[in-house]
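>>> From the sequence below, what's the structure:
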Amino acid sequence: MNENTKTRRRICILGSTGSIGTQTLDVIERNPELYEAHTLTGASNAELLIEQARKFCPDTVVIADDTKYELVRDALADLPIKVYAGADALEQVVVSEDVDVVVAAIVGFAGLRPAIAALQKRKPVALANKETLVVAGSIMTQLAAKYGSPLIPIDSEHSAILQSLAGAPLQSIEKILLTASGGPFRTLPKEQLAEATVEQALKHPNWSMGAKITIDSATMMNKGFEMIEARWLFGVKPEDIEVVVHPESIVHSAVQFCDGAVIAQLGLPDMRLPIQYALSFPHRLPTPGARLDLFKLGTLHFERPDIEKFPCLQLAYEAAERGGNIPCAMNAANEVANLLFRQGKIKFSHIAEIISREMQDTCFIPTPSIDDIMQTDREVRERASSLAI
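Numbers count the residues shown, from 1 in each chain. The predicted model follows:
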C-alpha cells in the first residue's frame with residue numbers, strides 16, 4: 001500500500017448494487033484521493049457486483065445469496081479480491097480493522113445486524129437504511145453512544161436536518177419540518193387509490209430509487225419511517241416532527257428553533273450530495289454539476305399531508321407513540337405487504353390494512369432486546385405473508 005493510499009478512507013458499502021450503493025461509488029470515483037472502495041456487498045445481483053468489483057478492485061466482496069458464490073468467485077478469480085457469501089459474512093466484513101467507514105445501504109430489516117456489528121466495533125456508520133432505526137432505534141442510538149460510534153444520516157431529509165442544525169444544541173430544537181414530495185399519488189383522488197397499479201406507484205416524480213422504497217413513498221410509509229428515524233437521530237418527540245408535503249423536493253427539510261427561527265437546507269434532488277456530506281462530515285467538498293437556480297425555479301409549494309388518503313403515515317405516528325416492538329411489527333408487515341403488492345397479490349389499499357392488523361395483533365414488549373426484535377419480525381412476517389389474496 002503506497003503513502004497516498006494510506007491517507008484515503010476505506011469504505012465498506014453494505015448494498016453496493018442498490019441505488020444508494022451505486023451513487024456512493026460515484027462519489028468515491030469522483031474523489032479517488034480521499035476514498036477507497038474497500039468492501040462491496042450485494043444481495044443477489046451478482047452480475048452488477050462483479051462489474052463493480054472489476055472496476056473498483058476492492059479488497060473484499062460479499063454476495064449475500066450464497067447460491068451465487070461460485071459465480072462471483074470464478075468471475076473474479078483473476079483479481080486479488082477476497083470473495084465471501086451469506087448473511088453472516090456481512091457482519092464479519094464490517095468489523096475488519098481495515099475498514100474506516102461503513103455505508104449501511106442494505107434495504108429493509110436485513111441491514112440491522114451488520115449495522116449493529118459496525119457500531120460495536122466503533123466504526124462510523126453512514127446510515128441509509130432507515131429500517132434499522134425504525135425497528136431498533138433505542139438499541140442503535142444506545143450502542144452509538146456507548147461505543148462512541150458516529151451515526152451519520154444519508155437520507156436527504158436527515159442530512160438536511162443535520163446541516164440545518166450546524167452545531168446548534170439539540171435542546172434548542174422546537175420542531176422539525178420533515179418535507180415529503182407527496183409521491184406519485186399526491187394529486188390522485190382518494191377513491192382511485194384502491195385500484196392503483198404497481199407501474200403507477202413506481203413512477204416517482206422526483207427521485208430515482210429502488211422498487212421497495214418507491215412503493216413506500218407512494219404509500220407515504222417512507223415518510224413515516226423517516227419521522228421515526230428523525231426521532232432517534234435528533235432526540236425529539238414524534239409530535240414535534242411535522243411532515244410538510246413539498247412537491248418540488250427543493251427544501252429537503254428544516255429545523256424550527258426555540259426562538260422561532262427556521263433554518264432549512266435547499267438543493268437539487270441528487271442523493272450524491274447527502275452521501276458525500278456523510279462521508280466528509282463535518283467538511284464540505286467541491287462538487288461539479290448543476291446548481292440550484294432560484295430565479296428559474298420561481299415558486300415553491302407546501303401542503304399538509306392527507307392522513308385519510310395516506311393512512312400509513314398515521315400508522316407510523318401510532319407506532320412511534322406506542323414504542324417497544326410495535327415499530328418493528330409495523331416494519332415487518334410493511335415489507336411483506338410492499339412485496340405482495342409488487343407481486344400483484346394484493347391491492348394498493350391492502351398495504352395499510354395489513355400493517356394496521358399486524359400492529360394490533362402483535363404482543364407488546366415495552367423494552368425489547370435484539371432477540372425480541374428478531375422474534376417479532378419473524379412472527380409478523382409469517383402472519384402477514386398468509387394474507388395475500
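>>> Can you show me the helices along the stretch 201-350 of the chain?
211-219, 221-234, 272-280, 294-297, 311-322, 326-342, 350-361 (DSSP state H, counting those that start in this stretch).
>>> what's the last one packed up against?
Contact partners of helix 350-361 among helices and strands, from 3 or more Cβ pairs under 8 Å, 6 or more residues apart in numbering; DSSP states H and E: helix 211-219, helix 311-322, helix 326-342, helix 370-385. Glycine gets a C-beta too; all of them are placed from N, C-alpha and C.
>>> how about a markdown table for the ones you listed, with distance to residue 63, mean pLDDT and mean neighbour count added?
Output for these, formatted as a markdown table (distance: least, Cβ to Cβ, whole Å; pLDDT from 0 to 100; neighbours: other Cβ atoms under 10 Å):
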| stretch | distance to residue 63 | mean pLDDT | mean neighbour count |
| --- | --- | --- | --- |
| helix 211-219 | 19 | 92 | 23 |
| helix 311-322 | 32 | 97 | 20 |
| helix 326-342 | 21 | 96 | 26 |
| helix 370-385 | 23 | 95 | 17 |
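>>> now for the ones you listed, which one comes closest to residue 299?
Shortest distance between residue 299 and the helices and strands packed on helix 350-361, using Cβ to Cβ, is found for helix 211-219: 22.8 Å.
>>> That closest one: how far from the chain's middle?
For helix 211-219, the separation from the chain centroid amounts to 12 Å (computed by Cα atoms, centre = their mean, to the nearest Å).
>>> packing partners for that helix?
helix 198-201, helix 221-234, helix 326-342, helix 350-361.
>>> Any chance of CSV for these, columns distance to residue 307?
Listed next are these as CSV, based on distance: least, Cβ to Cβ, whole Å:
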stretch, distance to residue 307
helix 198-201, 19
helix 221-234, 11
helix 326-342, 16
helix 350-361, 11
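>>> Out of those, flag the one nearest residue 293.
helix 221-234 (26.9 Å).
>>> Buried ones in that closest one, by neighbour count?
Judged by neighbour count using 16 or more other Cβ atoms under 10 Å, the buried positions of helix 221-234 are 221-234.
>>> Torsion angles phi and psi at residue 85?
phi -140, psi 160 (degrees, to the nearest 10).
>>> That one contacts residue 61, correct?
No - assessed by Cβ atoms under 8 Å, residue 85 is found out of contact with residue 61, at 9.4 Å.
>>> what about these two, which has more around it?
residue 61 (28 against 21; other Cβ atoms under 10 Å).
>>> in the sheet, who's paired with that one?
Beta-bridge pairing for residue 61 (DSSP bridges): residue 40, residue 83.
>>> correct me, but it touches residue 76?
Yes - using Cβ under 8 Å, residue 61 is in contact with residue 76, at 6.6 Å.
>>> residues shared between the contacts of those two?
Here residue 61 and residue 76 have 53, 83 as joint contacts, going by Cβ atoms under 8 Å, 6 or more residues apart in numbering.
>>> What count of nearby residues applies to residue 293?
Applying other Cβ under 10 Å, we find 9 residues neighbouring residue 293.
>>> Residue 196 now?
Residues lying near residue 196 (other Cβ under 10 Å) number 18.
>>> Looks to me like it is in a helix.
No - counting by DSSP: H, G, I helix; E, B strand; the rest coil, residue 196 is not part of a helix but coil.
>>> ok, now which ones touch it?
185, 188, 218, 348.
>>> Thought residue 284 was touching residue 277, still the case?
Yes - using Cβ under 8 Å, residue 277 is in contact with residue 284, at 7.0 Å.
>>> what about those two, which has more around it?
residue 277 (25 against 11).
>>> Would you mind measuring from that one to residue 256?
Counting by Cβ to Cβ, to the nearest Å, the separation of residue 277 from residue 256 is 22 Å.
>>> Residue 69 too?
Applying Cβ to Cβ, the value for residue 69 to residue 256 is 51 Å.
>>> pLDDT weak spots in this protein?
Within the chain, the ranges that satisfy pLDDT under 70 run 1-6, 207-208, 388-389.
>>> Please enumerate the strands of the stretch 1-150 of the chain.
For the stretch 1-150 of the chain, the strands defined by DSSP state E, counting those that start in this stretch cover 9-14, 35-42, 60-63, 82-85, 101-104, 125-127.
>>> So which bits of the fourth one are buried?
What that stands for is strand 82-85. Going by neighbour count (16+ other Cβ under 10 Å), the buried part of strand 82-85 is 83, 84, 85.
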